[in-house]
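J.: missing the sequence, but the structure's below:
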């Protein structure tokens, strides 16, 4: 019996992915549910398990190959002696291209050779080597170690710098993000409003929280995390920014699923804080902090990166004040957060020092107009003037 290993559909938006590495080589015995191949899409990095018990008969695609969702990656058989029928690689909706006609691909007979042995390396080292188009096996020999670490790749780079241009592969999450951003810029008429808001009271609240953070159950929230409850509250008051434009019209979403754009070693990811409107301020802050910590690993599941209704992007840590964030389709708005700084302001006829936060709100001009968007920013100012209670 022959069983196909396919690239599963996890999200209607995702159309292709990249093979990161095979956990088995051709001829290996595999058990149903055992990790078989690690793959990457714009949404997540994950592992495809073996769909059946048997032998990994033939691998169709290799590490680094890009392929459409639904493609047949490999075949599992009861015996390595079984013959593959000509239509074994057929997938619904995907045209079958003979192996000998695939660009840069060897014939089926030559593909059947075992995959090269996997080099032991940390995930961070593997990602950096892939970004710089480096051979991990060469780095392993050069370092003299048993496992390649990220610092080994960095040291190898410093020893091998030449005047020749280095090519960074335009694939995986970088390529798909580029396609999505191009789609957004082309299809959505963006308008971006910029405004500074006074967050002095919020800064004072954070300082008080940090003073008692060493007590049992205490939290040490970032300023960005403390913005989340106010943003959620304002989205509830301005539902047109928490909407989608469809063939039926402007659909106001029943819940607020707040996407938090964060940078990871994989690139830009947007994990989603779900049903935010139902959560207390402290719960929102704690969940936001947990997402930020996990972003350093970049290993979110596909479900955690789906279903956002509005996105917040923070560039304050990079010393940026204003920018023009690009809307993440099918959403209709995104809030850019800049670097907070103390400024001298006139208040009640006298000079005082206030904490000011630059904000950049991009919105879909098909769905709403400048005045409603400006009122959303004013609502944020009013929320920041309130006492944030935990």
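T.: Cool, got the structure. Bear in mind the structure is a predicted one, so any value in this text is a computation, not a measurement.
J.: so where's the stretch 151-300 of the chain uncertain?
T.: Applying pLDDT under 70 to the stretch 151-300 of the chain flags residues 160-165, 214-218, 298.
J.: Please tell me how far residue 272 sits from residue 265.
T.: 20 Å (CB to CB, to the nearest Å). For glycine as for every other residue, the C-beta is placed from the backbone atoms N, C-alpha and C.
J.: which of these two has more neighbours?
T.: residue 272 (20 against 16; other CB atoms under 10 Å).
J.: can you pull the contacts of residue 372?
T.: 238, 240 (CB atoms under 8 Å, 6 or more residues apart in numbering).
J.: and if you look at residue 239?
T.: Contacts of residue 239 by CB under 8 Å, 6+ apart are 252, 253.
J.: what about stretch 67-81, start to end distance?
T.: Length of stretch 67-81, first residue to last, CA to CA, to the nearest Å: 27 Å.
J.: Show the average pLDDT along that stretch.
T.: Throughout stretch 67-81, pLDDT has a mean value of 88.
J.: Endpoint to endpoint, stretch 240-258 covers what distance?
T.: 14 Å.
J.: Identify the residues contacting that stretch?
T.: So stretch 240-258 is in contact with 228, 231-232, 235-236, 239, 272-278, 307-312, 330-333, 363-364, 366-368, 372-373, 376, going by CB under 8 Å, 6+ apart.
J.: Repeat the analysis, applying 6 Å as the threshold.
T.: 232, 235, 239, 272-277, 307-310, 330, 332-333, 367-368, 376 (CB atoms under 6 Å, 6 or more residues apart in numbering).
J.: So which of those residues belong to helices?
T.: 232, 235, 376 (DSSP state H).
J.: Next, count neighbours for residue 90.
T.: 12.
J.: How much space separates it from residue 248?
T.: 36 Å.
J.: next one: residue 86
T.: Applying CB to CB, the value for residue 86 to residue 248 is 44 Å.
J.: With residue 142 instead?
T.: 59 Å.
J.: what does residue 56 give?
T.: Counting by CB to CB - residue 56 and residue 248 are separated by 46 Å.
J.: okay, those two: which has more neighbours?
T.: Neighbour tally, residue 56 and residue 248, criterion other CB under 10 Å: the higher count belongs to residue 56, 25 against 7.
J.: give the contact list for that one.
T.: 24, 26, 28, 30.
J.: Provide the secondary structure category for it.
T.: Here residue 56 is recorded as strand under DSSP: H, G, I helix; E, B strand; the rest coil.
J.: what packs against the longest strand that the chain contains?
T.: Longest strand of the chain, by residue count under DSSP state E: strand 350-364. Contact partners of strand 350-364 among helices and strands, from 3 or more CB pairs under 6 Å, 6 or more residues apart in numbering; DSSP states H and E: strand 190-198, helix 200-211, strand 333-337, strand 341-347, helix 370-384.
J.: and stretch 171-185, which residues are buried?
T.: 171, 172, 173, 174, 176, 184 (16 or more other CB atoms under 10 Å).
J.: List only those of the contacts of residue 56 flagged as buried.
T.: Here, 16+ other CB under 10 Å leaves 24, 26, 30 buried among the contacts of residue 56.
J.: how about a markdown table for the residues you listed, with pLDDT added?
T.: Listed next are the buried ones among the contacts of residue 56 as a markdown table, based on pLDDT from 0 to 100:
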| residue | pLDDT |
| --- | --- |
| 24 | 89 |
| 26 | 89 |
| 30 | 94 |
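J.: from the residues you listed, which is closest to residue 194?
T.: residue 24 (52.9 Å; CB to CB).
J.: Report the separation between the closest one and residue 282.
T.: For residue 24, the distance to residue 282 - CB to CB - is 46 Å.
J.: Residue 270 too?
T.: For residue 270, the distance to residue 282 - CB to CB - is 23 Å.
J.: ok, the two, which is more surrounded?
T.: Taking neighbours as other CB under 10 Å, residue 270 and residue 282 compare with residue 270 leading, 25 against 15.
J.: coming back round to it: show me the contacts of residue 56 that map onto strands.
T.: residue 30.
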